[in-house]
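Colleague: Return a 3D structure for these sequence lines:
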Amino acid sequence: MAEATATTEHVYVPLWRVRLSLFWKSLRTNWAMFSENPIGLIGLGVILFFALFALAHPILMNTIWEPRVYDPISGYDMEIPFHPSPPSARHLLGTDPLGRDILSQLMYSTRYEFALGILSAVVTVVIATTIGAVSAYYGGIIDTILMRLADLVIMVPFLPILIVLSALTDVGMIELALVIGLLSGFGGTTIIIKSQALTIKVKPFIEAARVAGGSDFHIIFRHMIPNLLPISLLYMMFVVTGAIFSEAVLSYFGLTTIQMSWGIMINTTQLFGYLLRFDTWYLLIPASLAITLLCAAFYLVGRALDEVVNPRLRRR
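Modeller: Next up is the predicted model:
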């Protein structure tokens, strides 16, 4: 009798532990699919390199580099008789026309490129996911108004808007990230996420939540949006690429108030007339290569995530 009682006892497992276990299992499964794609691993490796690159700058400034020489904005090396100077043991990537260390500028700018891209992507995802879910759930006049707004944003050229806005007012890193996030969030990303939300709206668990008395707010934010996050994460990668590229273009034309970025480095090269000179390649190549590599890395990771998120693209 005691044995029968013991076998029928139930072990209580906290809900958070069950959810954590399911999340960890899903994460391992998705990582296994992601790791099968070499372009995704290459992109992730490049992103990790730039992340370490950015983290190393304050360490070098506080331990090895002398601030008055290696400060990326106000530094100047008086021991070198002329600037710009080519790469050397003292300046691995040389100095710019103002006597500032190019490697220090490159490392310093990396953290702000990450901040710009991630902030833009977060704003885009929050807006696009919310609008897409609301539009798909309610339909009717709400869907019509939101989708026509998205069509209007898509029709307006993206980069010219940023150029005009930068010419009219001071645009820093945060302002630029918010504008890019708003334009991307109300544009094509919303339409794509809304189409995905329509497939989730007809799922049985949505109907079960409605029958159980769940409010519209509860259904949208507790059931629909969590199921839209995988595809939202995918489009975050593409928004980061667009944000970094847009900042580089605006900074090249001198239309931002950002003190130092990869676009500013190219702008300085052009401003002093060294843009098309082969003997001063070290002024143009490092920043240009950094923009290309980081944008390509996020794009490659996005393409690899597409195979994880989209069941039709998964390898059998």
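
Colleague: Break down the stretch 201-316 of the chain into its strands, ranges please.
Modeller: Here the stretch 201-316 of the chain has no strands by DSSP state E, counting those that start in this stretch.

Colleague: Let me see the ranges of the helices in it.
Modeller: In the stretch 201-316 of the chain, the helices defined using DSSP state H, counting those that start in this stretch lie at 204-211, 216-219, 225-252, 262-271, 281-309.

Colleague: any idea of the angle the last one forms with helix 225-252?
Modeller: Here the directions of helix 281-309 and helix 225-252 differ by 170 degrees (axes from the mean of the first three to the mean of the last three C-alpha atoms, to 10 degrees).

Colleague: Helix 281-309 packs against which elements?
Modeller: In terms of contacts (3 or more C-beta pairs under 8 Å, 6 or more residues apart in numbering; DSSP states H and E), helix 281-309 is packed against helix 15-35, helix 38-63, helix 102-138, helix 225-252, helix 262-271. Where C-beta positions appear, they are placed from N, C-alpha and C, glycine not excepted.

Colleague: I'd like the average pLDDT over that helix.
Modeller: Helix 281-309 carries an average pLDDT of 89.

Colleague: If we go by neighbour counts, what in that helix is buried?
Modeller: For helix 281-309, burial by neighbour count (16 or more other C-beta atoms under 10 Å) applies to 282-284, 286-287, 290-291, 294-295, 297-309.

Colleague: Likewise for the fourth one?
Modeller: Of all the residues in helix 262-271, those buried under the rule 16+ other C-beta under 10 Å are Trp262, Gly263, Ile264, Met265, Ile266, Asn267, Thr268, Thr269.

Colleague: which among those gets closest to Ala177?
Modeller: Lowest distance from Ala177 to those (C-beta to C-beta) belongs to Gly263, with 14.1 Å.

Colleague: surely the closest one meets Ala248?
Modeller: Yes: applying C-beta atoms under 8 Å, one finds Gly263 in contact with Ala248, separated by 3.9 Å.

Colleague: Now list whatever residues contact both of these two.
Modeller: Listed as contacting both Gly263 and Ala248 by C-beta atoms under 8 Å, 6 or more residues apart in numbering are Ile291.

Colleague: I'd like the buried residues of helix 262-271 laid out as TSV, including pLDDT and distance to Glu113.
Modeller: Formatted as TSV, those follow (pLDDT from 0 to 100; distance: C-beta to C-beta, whole Å):
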residue	pLDDT	distance to Glu113
Trp262	92	7
Gly263	90	9
Ile264	92	11
Met265	93	11
Ile266	92	13
Asn267	91	15
Thr268	92	17
Thr269	92	18
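
Colleague: Distance-wise, check Ile80 relative to Trp65.
Modeller: 15 Å (C-beta to C-beta, to the nearest Å).

Colleague: Over to Met260: give its phi and psi.
Modeller: phi -150, psi 130 (degrees, to the nearest 10).

Colleague: pLDDT wise, what is it at?
Modeller: 90.

Colleague: didn't it look like it was pressed against Thr110?
Modeller: No: in this structure, Met260 is not within contact of Thr110 by C-beta under 8 Å, at 10.6 Å.

Colleague: pLDDT below threshold where in the stretch 1-150 of the chain?
Modeller: 1-13, 15-16, 18-19, 23 (pLDDT under 70).

Colleague: hmm, back to that, which one of the helices and strands packed on helix 281-309 lies closest to Pro157?
Modeller: Closest among the helices and strands packed on helix 281-309, using C-beta to C-beta: helix 225-252, at 12.1 Å.

Colleague: Which strands or helices does that closest one pack on?
Modeller: So helix 225-252, by 3+ C-beta pairs under 8 Å, 6+ apart, packs with helix 102-138, helix 158-168, helix 173-185, helix 188-201, helix 262-271, helix 281-309.

Colleague: out of these, which comes closest to Phe238?
Modeller: Per C-beta to C-beta, nearest to Phe238 of these: helix 281-309, 5.1 Å.

Colleague: Now do that closest one against helix 15-35, angle only.
Modeller: Using the same axes, to 10 degrees: helix 281-309 against helix 15-35 is 120 degrees.

Colleague: thinking again about what came up before, can I get the helices and strands packed on helix 225-252 in a markdown table with distance to Ile59?
Modeller: Output for the helices and strands packed on helix 225-252, formatted as a markdown table (distance: least, C-beta to C-beta, whole Å):
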| stretch | distance to Ile59 |
| --- | --- |
| helix 102-138 | 10 |
| helix 158-168 | 33 |
| helix 173-185 | 22 |
| helix 188-201 | 37 |
| helix 262-271 | 21 |
| helix 281-309 | 19 |
